[in-house]
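Colleague: for reference, the sequence and a predicted model appear below.
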Amino acid sequence: MASDPAASPVASSAARAQCPYCGVGCGLELKPPADPEGSWTARGDRHHPSSLGQVCVKGATVGETLHHNRLTTPLWRARTDQPFEAISWERAFTLLVERIQDTLASKGPAALAIYGSGQFLCEDYYAANKLLKGALGSNNFDANSRLCMSSAVAGYGRSLGSDGPPCCYDDLDLADLVLLIGTNTAECHPVLFQRLLKRRRKGDGPRLVVVDPRATATSDASDLHLAIAPGTDLALLCGLGHLLLQRGGVDRAFVAAHTEGFVELEALWRAWEPAQAAAVCGIAEADLRQLADWWGEASAALSLWSMGVNQSREGTATVAAICNLHLVSGQIGKPGAGPFSLTGQPNAMGGREVGGLAQLLPGYRAVANPEHRAAVERHWGFAPGSIAPEPGLAVWQQIEAMERGELDLWWVAATNPLVSLPSLDRVRAAVANCPLVVLSEAYAGTETEAVAHLVLPAAQWSEKEGVMVNSERRVTLCSAFRQPPGEARPDWAIFAELGRRLGFAEQFNYGSAAAVYAEFVALTAGRLCDSSGLSHPLLAEHGPQQWPFPAGTAPGGGQARLYGDLRFPTPSGRARLWADPPLGLAEPPDDAYPLVLTVGRLLGHWHTMTRTVHVARVAKAHPEPLLEVHPEDAARAGLAEGAHAQVRSRRGALRVKVQLSERIRPGTVFLPMHWGASQGELACEANRLMHALGCPISQQPELKGAAVALAPD
Ligand SMILES: Nc1nc2c(c(=O)[nH]1)N[C@H]1C(S)=C(S)[C@@H](COP(=O)(O)OP(=O)(O)OC[C@H]3O[C@@H](n4cnc5c(=O)[nH]c(N)nc54)[C@H](O)[C@@H]3O)O[C@H]1N2
Ligand SMILES: Nc1nc2c(c(=O)[nH]1)N[C@H]1C(S)=C(S)[C@@H](COP(=O)(O)OP(=O)(O)OC[C@H]3O[C@@H](n4cnc5c(=O)[nH]c(N)nc54)[C@H](O)[C@@H]3O)O[C@H]1N2
Ligand code: SF4
Ligand SMILES: [Mo]
């Protein structure tokens, strides 16, 4: 059978799309190669309102990554010690239907799980969720956003009453103080960082304060760098709150009119003397006071954060603490101000709107809410009670369920968990316990392929049409401008076909991605993320639009900011202040493991490198993984520049070359996350060392801190 019956139209000339890498979501303009064997070229789309023609190295080189090493046909093996054989889609679907029906009859729907991705299009997410949560009655759909944005989701919900970043990128041009906390914006959201720098080059502010245990390209450009000890952000924010109370930085009228919970917060802040907070964070008290002075003086203060905040056992509490800071000082709901989470993946935002986590349903709805379930069941065309009333398993709970032999099917799609999950040896052992591991992937030979039984070739960005939503709530239609290789199919079309074959012909009767999207947006009507006025044709004709965008909104009429009226979607209409006492790292350093390992990103590479490994410029910039170590720690461990170190945690050990650096805080070492087991000699599986303890509210693992010891290797 030729590729996909619901294949998207393919453009032959220039095309437009949102960049498929980070959540800045720049607009790209794509041009076909002169020679048919060549690569498409990408450049910034000047008409995209989020990026105005800017791109970074990843967006500019994406065309070089698309055609290498692709999966072209379904692959099957009964056991993971056997080689794969190529099979037809017909056989792949027959196998899936049989195995799923067996499981439903023997163990029930709770033994099925899907682990998807913030790199899905909205249509992919929607079809997968409808299949698992609606048709099959299992809420075990989780996504790698659990490792990424789930503390932001939980924190916004707790403080403001709903998920949804309240700010927009224009706020970067309007703020006079920008707090960059737990974000290496220069390398990970480069186009936004350049926007800040452009203003500074013109001598037009804003002040930049960076909170990060390492000096980075981001902190190099800052006015103040607070190199706190890992896991002490919440203590820092308590000390800052104390100083705001002292210096009259609290807007009492705002607090009285628009918030609740101030009494408890005030008591917590009073208890955190600045000297104590500075000591816990390991910084000079004067620097904390400087930040408090600048915050108090700011007419518009903006906080940007990313994984240094979210990937923590107190991730949700820290997000709430950032919201506290904005709420008590009235720095929200106005231009240039607000708590602004920088989304990691290109469509993690869309995924949240489509209900792509185990506790969510489409339209920022919750599985646990009976009215929400009923509304979604009606819209989806399933009988009342079809959606199970309990939230499903978050990804680490899926791993634990496999350890206990409780999952029959683990379907991984558009993520590479055998690199990106913590405690990888435990993950590998757990997955070996699952009788059917399915992988939907675009590229051959990934680490997760090594543990799969059935591999389904996915058409990727550029080969399928669909919608992505960026960090500032801007919705872009990505066009299909290349043919998928071989028999690869869009993820949404695979889930829909399986739905039809499982007996839900009517519910999955989609002729196009546009039809899937139309069904989804109708379900957002009246919700905070109302996108019911959007459609593929509107986005194609009028370009990217911001939500909220209710039916009847004129093109360009979306809303730049949320909460301008200072009414929050909580029962009382007031935002909630939270008084969570700081706890610190889940696995603090001790005598046996005296250092904290933190793991993050480099400018040129994208996660597990399936795409960026093919870009010569990037490979040249980042030829190998290096362990960043402070010279004092290196001397103590007997390590010199360029030596090989053994890095040991309670979970395992690895060997890696040392790079001495004064730029990292003594007591902390850094590894990049990118080089997984498939990288041969260069492999450096950082996540074998990491633990899986995480935030009890968001279930996000603490991927930024594990106790380790160093020795020469
Ligand atoms: N080049 C590139 N860009 C990307 C990606 C990529 O793979 N490559 N991935 C995208 C995705 S999905 C994401 S989630 C984002 C991530 O974007 P970022 O969060 O900016 O990137 P990271 O390197 O993971 O971590 C940021 C910083 O957190 C610091 N940090 C560690 N522990 C702590 C702590 O306890 N407190 C504080 N305040 N800081 C701490 C680290 O030193 C690091 O510099 O990047 C996106 N953009
Ligand atoms: N220690 C530590 N661990 C981390 C992090 C950290 O900072 N520290 N960061 C975490 C975060 S924030 C994230 S987001 C994760 C990222 O980790 P992963 O999600 O595992 O990384 P990717 O390489 O982006 O994986 C995406 C996969 O989808 C494939 N793919 C691309 N397009 C398509 C498509 O259209 N369809 C299908 N089916 N497949 C496709 C790619 O080839 C690739 O294999 O890592 C997490 N792990
Ligand atoms: S900043 Fe992010 S979205 Fe923009 S081009 Fe770079 S990777 Fe793509
Ligand atoms: Mo992420």
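Modeller: Received the coordinates, thanks. Ligands and ions are numbered 1, 2, ... in the order given.
Colleague: which residues are contacting the lengthiest helix in the chain?
Modeller: As assigned by DSSP state H, the longest helix anywhere in the chain is helix 89-106. If you take Cβ atoms under 8 Å, 6 or more residues apart in numbering as the criterion, helix 89-106 is touched by 1, 74, 76, 109, 111-112, 136, 408-409, 436, 438, 454, 456, 487, 489, 497-498, 501-502. C-beta here means a position set from N, CA and C on the backbone, and glycine is covered the same way.
Colleague: what is the subsequent helix or strand relative to that helix?
Modeller: strand 112-116 (DSSP states H and E).
Colleague: and that next one, how far out from the chain's middle?
Modeller: With Cα atoms, centre = their mean, to the nearest Å as the basis, strand 112-116 stands 17 Å off its chain's centre.
Colleague: other residues contacting it?
Modeller: Against strand 112-116 from outside (Cβ under 8 Å, 6+ apart): 100, 103-104, 124-125, 128, 132, 136, 138, 140-144, 351, 356, 392-393, 395, 398, 401, 407-415, 417.
Colleague: just the ones of those residues in helices?
Modeller: Counting by DSSP H, those place 100, 103-104, 124-125, 128, 351, 395, 398, 401, 417 in helices.
Colleague: export those residues to TSV and tack on distance to Ala634 and neighbour count?
Modeller: Converted to TSV, the ones in helices among the contacts of strand 112-116 look like this (distance: Cβ to Cβ, whole Å; neighbours: other Cβ atoms under 10 Å):
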residue	distance to Ala634	neighbour count
Ile100	53	22
Thr103	52	21
Leu104	56	17
Asp124	45	31
Tyr125	45	33
Ala128	46	29
Gly351	41	33
Val395	35	31
Gln398	39	27
Ala401	41	20
Pro417	32	25
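Colleague: just checking: which of these also lie near ligand 2?
Modeller: Counting by Cβ under 6 Å from any ligand atom, Pro417 from these sit close to ligand 2.
Colleague: quick one, what contacts the closest residue to Ala215 other than its chain neighbours?
Modeller: For Ala215, ignoring the flanking residues on the chain, the nearest one in space by Cβ to Cβ, 6 or more residues apart in numbering is Arg663 at 3.8 Å. Contacts for Arg663 (Cβ under 8 Å, 6+ apart) come out as 214-216, 628.
Colleague: Pro485 now?
Modeller: Going by Cβ under 8 Å, 6+ apart, Pro485 touches 67, 70-72, 457, 463.
Colleague: rerun that using 10 Å as the cut-off
Modeller: Pro485 sits next to 3, 66-67, 70-73, 442, 457, 459-460, 463 when contact means Cβ atoms under 10 Å, 6 or more residues apart in numbering.
Colleague: that one and Trp305, how far apart?
Modeller: 38 Å (Cβ to Cβ, to the nearest Å).
Colleague: same deal with Cys478?
Modeller: Applying Cβ to Cβ, the value for Cys478 to Trp305 is 27 Å.
Colleague: repeat for Pro346
Modeller: 18 Å.
Colleague: for Phe504, same thing?
Modeller: Here Phe504 is placed at a distance of 41 Å from Trp305 (Cβ to Cβ).
Colleague: what about these two, which has more around it?
Modeller: For the pair Phe504 and Trp305, the greater number of neighbours falls to Trp305 (25 against 20), based on other Cβ atoms under 10 Å.
Colleague: follow-up on the earlier one: got the phi and psi for the residue nearest to Ala215?
Modeller: Per-residue torsions, Arg663: phi -80, psi -10 (degrees, to the nearest 10).
Colleague: pLDDT value on it, please?
Modeller: Arg663 is assigned 97 on the pLDDT scale.
Colleague: any idea whether the residue nearest to Gly241 when sequence neighbours are not counted is helix, strand or coil?
Modeller: Spatially, and ignoring its direct neighbours in sequence, Gly241 is nearest to Trp269 (3.7 Å; Cβ to Cβ, 6+ apart). The three-state label for Trp269, taken from DSSP: H, G, I helix; E, B strand; the rest coil, comes out as helix.
Colleague: okay, now Trp269: neighbour count?
Modeller: Neighbour count for Trp269, taken as other Cβ under 10 Å: 24.
Colleague: Leu234 too?
Modeller: Using other Cβ under 10 Å, Leu234 is surrounded by 26 other residues.
Colleague: got a list of what the closest residue to it other than its chain neighbours touches?
Modeller: Leaving aside its sequence neighbours, Leu234 sits nearest to Pro582 (Cβ to Cβ, 6+ apart; 3.9 Å). For Pro582, the contacting residues are 231-239, 268, 272, 277, 280-281, 314, 317-318, 321, by Cβ under 10 Å, 6+ apart.
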